[in-house]
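Novice: Compute the structure for the input listed below.
(2 chains)
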Number of protein chains: 2
Amino acid sequence: MNFLEERIVKDGVVKEGNVLKVDSFLNHQMDIKLLDQMGAEFKRRFAKKPINKILTIEASGIGIACVAAQHFDVPVVFAKKSQSINLDGEMYVAEVESFTHKCRNHVIVSQKFLTPEDHVLIIDDFLANGCALQGLIQIVQSAGATVEGIGIAIEKGFQSGGRIIRNLGFQLESLAIVDGMDAAAGTVTFRSQEEQKEAEQPAEKCEQCRSATLD
Amino acid sequence: MNFLEERIVKDGVVKEGNVLKVDSFLNHQMDIKLLDQMGAEFKRRFAKKPINKILTIEASGIGIACVAAQHFDVPVVFAKKSQSINLDGEMYVAEVESFTHKCRNHVIVSQKFLTPEDHVLIIDDFLANGCALQGLIQIVQSAGATVEGIGIAIEKGFQSGGRIIRNLGFQLESLAIVDGMDAAAGTVTFRSQEEQKEAEQPAEKCEQCRSATLD
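Specialist: Residues are numbered from 1 along each chain as shown, chains lettered A, B, ... in the order given. Sure, this is the predicted structure:
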């Protein structure tokens, strides 16, 4: 197990309905030393990429992104989530459907802060069905910028988000992939690091598939 | 001028209605090196306080708080804002009225993450009328914890929030206090560092006044 998996075993709480609570160290109270370790690991995994900007989404992605940004020496932009749109200036807007909450949300970034020159690392705390992440990818592509990679703290490997993103050819690095949870026993099963490595080999890009899924 | 005031002059945009846009470096795109300088300055100003936790509020306070936390070597808790309350577990809830948006909001923190042993530094990006900040103070006090100080990036000195908080006896440190803005000329007037220093001397505590304002 790596440092994040160990922490999930130690302090994560499994609840009925495939809910994993990590609010004591990741997304309500935040252990800044853990975030720093995560930032160093993202830097190691994306060392060869010419990243000049990190994009995340409010609220729980922001802390992880800001601490990671120190390892990349780049600025962070955070997308705003809103059910309504108040267009103050020129914005990139992606409408995404939330699988979990059965509602539509807008993901919004000012056009000033993403340009065709940008090489973007997208960072977020959780990946399950990947709706928010798809919105972020759509926004980067709308700006003509390049998605160099996606760094996730915890991926729910039994939901479809990660597979879709890898099928689209993106380098997706999840520091912990949860393949199963047992609320009664309070246990979590992680995908082994070896399997992760295979999963993280990007598949051949399929432009047709990509545009079909994201547009 | 200090480093933050210089940056506001360089990259801030003054708009009609006393609006100061700092979204290119502070609250949409974030310059992480600037945040790090701010963190070091907060540490200098609160060096004598036994701070063991930083409390902030989503979304734009989180980045500043997480980078500052590295200078204090403490965890960060961020309060959630919600118009409705979904009580999942035991929460501290403060209802605050937004002067700007003419609506009521709830500021929410899980009871697990604030205890009577906590010595809290509250951090946020902006202080104007101070409604959100009053909610955070109320929550810390509900938990029986101690507010050791309040660190703000930009205070609108011509609005009442800062004066109220200082009148209540808290050590409030605003890295830049804007006393006036001229949208036509695009200029910002800062309170001088000397005047700031005087303003930052906490007044004698008045328990009656404090409870009258916060309860």
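Novice: Show the end-to-end separation of stretch A:168-188, please.
Specialist: End-to-end span of stretch A:168-188 (Cα to Cα, to the nearest Å): 28 Å.
Novice: buried residues in it?
Specialist: A:168-178, A:181, A:188 (16 or more other Cβ atoms under 10 Å in any protein chain shown). Yep, even glycine has a C-beta here, placed from its N, CA and C like the rest.
Novice: One more: stretch A:145-163?
Specialist: For stretch A:145-163, burial by neighbour count (16+ other Cβ under 10 Å) applies to A:145-157, A:159, A:161-162.
Novice: How are the helices of chain A distributed by residue range?
Specialist: Using DSSP state H, the helices of chain A run over residues A:3-11, A:32-45, A:61-72, A:131-142, A:161-167, A:193-199, A:207-214.
Novice: Buried deepest among those helices, which one?
Specialist: Of all the helices of chain A, helix A:61-72 carries the top mean neighbour count, a mean of 26, counting by mean count of other Cβ atoms under 10 Å in any protein chain shown.
Novice: coming back round to it: inside strands: which ones of the buried residues of stretch A:168-188?
Specialist: Of the buried residues of stretch A:168-188, the ones assigned to strands by DSSP state E are A:172-178, A:181, A:188.
Novice: picking up where we left off before, including distance to A:Asp118, could the buried residues of stretch A:168-188 go into TSV?
Specialist: Shown next, in TSV, are the buried residues of stretch A:168-188 (distance: Cβ to Cβ, whole Å):
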residue	distance to A:Asp118
A:Leu168	19
A:Gly169	19
A:Phe170	16
A:Gln171	16
A:Leu172	19
A:Glu173	19
A:Ser174	23
A:Leu175	24
A:Ala176	28
A:Ile177	28
A:Val178	31
A:Met181	37
A:Val188	36
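Novice: Run through the residues you listed and flag the ones next to chain B.
Specialist: Among the buried residues of stretch A:168-188, no residue is within reach of chain B (Cβ under 8 Å from any Cβ of the partner chain).
Novice: Can you redo those as CSV, where the extra columns are pLDDT?
Specialist: Shown next, in CSV, are the buried residues of stretch A:168-188 (pLDDT from 0 to 100):
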residue, pLDDT
A:Leu168, 96
A:Gly169, 97
A:Phe170, 98
A:Gln171, 98
A:Leu172, 98
A:Glu173, 98
A:Ser174, 98
A:Leu175, 98
A:Ala176, 98
A:Ile177, 98
A:Val178, 98
A:Met181, 97
A:Val188, 97
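Novice: Show me the shaky parts of chain A.
Specialist: Scanning chain A for pLDDT under 70 picks out the ranges A:84-88, A:99-101, A:197-215.
Novice: measure the residue at minimal distance from the centre of it to A:Glu155 for me?
Specialist: The centroid of chain A falls nearest to A:Asp124 when counting by Cα atoms, centre = their mean (3.4 Å). Note on A:Asp124: its distance to A:Glu155, by Cβ to Cβ, to the nearest Å, is 10 Å.
Novice: now do A:Gln193
Specialist: 13 Å.
Novice: now A:Pro116
Specialist: Between A:Pro116 and A:Glu155 the computed distance is 29 Å (Cβ to Cβ).
Novice: Apart from its chain neighbours, what residue comes closest to the residue nearest to the centre of chain A?
Specialist: With sequence-adjacent residues excluded and distances taken as Cβ to Cβ, 6 or more residues apart in numbering or on different chains, A:Asp124 is closest to A:Gly61, at 4.4 Å.
Novice: List the contacts of the one you found.
Specialist: A:Gly61 sits next to A:78, A:123-125 when contact means Cβ atoms under 8 Å, 6 or more residues apart in numbering or on different chains.
Novice: Might you enumerate the residues of chain A proximal to chain B?
Specialist: Residues of chain A lying near chain B by Cβ under 8 Å from any Cβ: A:23-24, A:28-32, A:35-36, A:58-59, A:62-63, A:65-67, A:69-70, A:73-78, A:80, A:109-110, A:112-113.
Novice: And the contacts of stretch A:91-111?
Specialist: A:55, A:57, A:77, A:79-85, A:89-90, A:114, A:128-129, A:131-132, A:134-136, A:138-139, A:142-143, B:23, B:28-29.
Novice: List the buried residues of that stretch.
Specialist: Buried residues in stretch A:91-111, defined by neighbour count with 16+ other Cβ under 10 Å: A:91-94, A:96, A:105-110.
Novice: Make JSON lines from those and add distance to B:Val9 to it.
Specialist: Converted to JSON lines, the buried residues of stretch A:91-111 look like this (distance: Cβ to Cβ, whole Å):
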{"residue": "A:Met91", "distance to B:Val9": "26"}
{"residue": "A:Tyr92", "distance to B:Val9": "28"}
{"residue": "A:Val93", "distance to B:Val9": "31"}
{"residue": "A:Ala94", "distance to B:Val9": "34"}
{"residue": "A:Val96", "distance to B:Val9": "38"}
{"residue": "A:Asn105", "distance to B:Val9": "36"}
{"residue": "A:His106", "distance to B:Val9": "33"}
{"residue": "A:Val107", "distance to B:Val9": "32"}
{"residue": "A:Ile108", "distance to B:Val9": "28"}
{"residue": "A:Val109", "distance to B:Val9": "26"}
{"residue": "A:Ser110", "distance to B:Val9": "21"}
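Novice: Tell me the one among those residues nearest to B:Arg44.
Specialist: Each of the buried residues of stretch A:91-111 was scored against B:Arg44 by Cβ to Cβ, and A:Ser110 proved nearest at 32.4 Å.
Novice: can you tell me how far A:Phe27 sits from A:Gly12?
Specialist: Not quite, residue A:27 is Asn, not Phe. Relative to A:Gly12, A:Asn27 is positioned 11 Å away (Cβ to Cβ).
Novice: Those two - which one has more neighbours?
Specialist: It is A:Gly12, of A:Asn27 and A:Gly12, that has more neighbours when counted by other Cβ atoms under 10 Å in any protein chain shown, with 22 against 19.
Novice: Skipping adjacent residues, who's closest to the more buried one in space?
Specialist: Leaving aside its sequence neighbours, A:Gly12 sits nearest to A:Val22 (Cβ to Cβ, 6+ apart; 5.1 Å).
Novice: A:Ile62 now?
Specialist: In this structure, A:Ile62 finds its nearest non-sequential neighbour in B:Ile62, 4.3 Å apart by Cβ to Cβ, 6+ apart.
Novice: Surely the one you found and A:Ile64 touch.
Specialist: No - shown here, B:Ile62 and A:Ile64 do not form a contact pair, counting by Cβ atoms under 8 Å, at 9.8 Å.
Novice: ok, so what distance separates A:Gln141 from A:Leu55?
Specialist: Distance of A:Gln141 to A:Leu55, computed by Cβ to Cβ: 12 Å.
Novice: let me redo that: A:Gly169
Specialist: The spacing between A:Gly169 and A:Leu55, counted by Cβ to Cβ, is 18 Å.
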